[in-house]
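Peer 1: this is a predicted model, with the sequence first.
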Amino acid sequence: MRIVLKNGQRIVKENELERIDIAIEKGIITEIGKNLTGDKEIELHEKLVTPGLVDVHVHFREPGFTDKETIRTGTQAAARGGYTTVCAMPNTNPIPDTKEKMAAVRSLIDRDACINVEPYAPITYGLTSEELVRMNEVEAFAYTNDGVGVQDAGTMFLAMVQAAKYNRPIVAHTEDNSLLFDGVMHEGFKSKELGLPGIMGIVESSQIARDIHLAKETGVHYHVCHVSAKDSVAAIRSGKMQGVNVTAEVSPHHLLLNEGHIPSDDANYKMNPPLRSEEDQRALLEGFLDGTIDIIATDHAPHTEDEKSGGFMNAPFGIVGLETAFALLYTQFVKPGVFSLEFLIDRMSKIPARLFQLRQAELRVGSVADLAVFDLDTPYTIAKEDYRSKSSNTPFNGKTVYGMCALTLYNGAIVWNNEKDEVEK
Ligand SMILES: NC(=O)N[C@@H](CC(=O)O)C(=O)O
Ligand SMILES: [Zn+2]
Ligand SMILES: [Zn+2]
């Protein structure tokens, strides 16, 4: 069967768009042009067509915490956000730290995922800072202990030596526990106002500085998760200038919000790392614009409503992000001209795929048909009831944005269709 997407618009350069039809056969783009016909034609009404988005940082909670999310609901949420490849974090129960446990995760993915999912393996057994996972036994595209920092420098050094040998990236949640002092939000005016224990920026930046020295020594590809602090951006910038193979991601929420946006003791604003100062937020945007920070990653971290009702002192860290990332960033930054549509899409699709050698589509004949279609013209309000995710813990509910994902195709099959309001599998 030949499917034709009619009257879409692709990005030519920056914000310049061009009207096109795209023909898809057997999951592959077979023709791009004007006035194409097919067995099934889908009218796009001049909506934006892009390669499917790629997110290297999501939590799908399966196995172990399926009341928060599953591989099925997580990938459906991703498809609704325009994503066709995502990388799942290993802070599950059990942690995939043996060959068998990793095989079990892969078979869940084969059974339930509606898009491409690459599972991470942990750096160490049990996400502690002790025994390294043997990378020749537990195979994965990359290794991370996300959720906790690798506390011991020697352990991180040996992990990097091993990862360099197997040519795998080390992906780091950077957090020095000895500097945490039980903090629950950024140490700043808001933590003082609310009387809550703070988390200093140096909790993150000092460990990034340490790791950049180790990465320089070992030559590993070292990737920093969810950068939040100004001094972290400076450390990464200086590492890059010295030729260290360091890359970094920033989350939509850290680009969009700072501690001043936290209205009250509402745990939908609680995540790790925390929303920091306005100055930190500005440094993140600067780093994103100058290439110090390479990509966007959502850190989609679902938690139940019940867990999140406990306020900052009791609730777990983390917010969902897959279903709102593109629209929030498009509305806040592309519409007012801070950066272009091309700049954003590259950092949500092409660049993350290239950094980690992941599956990714291109808008050209012969490419796999993993595509997203976005409506840039119709405003809509982010609503809890609309989530495909099992969880809805985010501070962005109720916000009106542009850039709803209208359609997502994975391998040429529709996995999200907003008009039909259903996900086909
Ligand atoms: N980001 C978070 O606040 N939470 C994540 C863990 C993590 O990404 O560090 C989670 O697993 O819930
Ligand atoms: Zn983390
Ligand atoms: Zn995470």
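Peer 2: Yep, it's here. Numbers count the residues shown, from 1 in each chain. Ligands and ions are numbered 1, 2, ... in the order given.
Peer 1: please identify the buried residues of the longest helix anywhere in the chain?
Peer 2: The longest helix of the chain (DSSP state H) is helix 202-218. Across helix 202-218, burial judged by 16 or more other C-beta atoms under 10 Å covers 203-212, 214-216, 218. Heads up, the C-betas are built off the backbone N, CA and C, glycines and all.
Peer 1: what helices and strands are in contact with it?
Peer 2: If contacts are counted by 3 or more C-beta pairs under 8 Å, 6 or more residues apart in numbering; DSSP states H and E, helix 202-218 sits against helix 153-165, strand 170-172, strand 222-224, helix 230-241.
Peer 1: any buried residues in the longest one, and which?
Peer 2: When burial is assessed from 16+ other C-beta under 10 Å, helix 153-165 yields the following buried residues: 155-160, 162-164.
Peer 1: tell me the one among those residues nearest to Gly8.
Peer 2: Ala163 (40.1 Å; C-beta to C-beta).
Peer 1: what sits against that closest one?
Peer 2: Listed by C-beta atoms under 8 Å, 6 or more residues apart in numbering, the contact set of Ala163 reads 135, 143, 169-170, 218, 220-221.
Peer 1: kindly report the same for Glu131.
Peer 2: 124-125.
Peer 1: and the gap between the residue lying closest to Asn411 once chain neighbours are set aside and Ala369?
Peer 2: Counting by C-beta to C-beta, 6 or more residues apart in numbering, Asn411 lies nearest to Gly27, which is 4.2 Å off, once chain neighbours are set aside. Distance, Gly27 to Ala369, using C-beta to C-beta, to the nearest Å: 6 Å.
Peer 1: in terms of neighbours, single out the busier of those two.
Peer 2: Ala369 (25 against 14; other C-beta atoms under 10 Å).
Peer 1: secondary structure class for Arg111?
Peer 2: Secondary structure, DSSP: H, G, I helix; E, B strand; the rest coil: Arg111 is helix.
Peer 1: do you know how far the residue lying closest to it once chain neighbours are set aside is from Gly64?
Peer 2: With sequence-adjacent residues excluded and distances taken as C-beta to C-beta, 6+ apart, Arg111 is closest to Ile71, at 8.0 Å. Using C-beta to C-beta, Ile71 is found at 12 Å from Gly64.
Peer 1: in a markdown table, list the contacts of Ala163 along with distance to ligand 1 and pLDDT.
Peer 2: Putting these into a markdown table (distance: C-beta to the nearest ligand atom, whole Å; pLDDT from 0 to 100) gives the following:
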| residue | distance to ligand 1 | pLDDT |
| --- | --- | --- |
| Met135 | 22 | 98 |
| Tyr143 | 15 | 98 |
| Pro169 | 16 | 99 |
| Ile170 | 15 | 99 |
| Thr218 | 23 | 98 |
| Val220 | 21 | 98 |
| His221 | 20 | 99 |
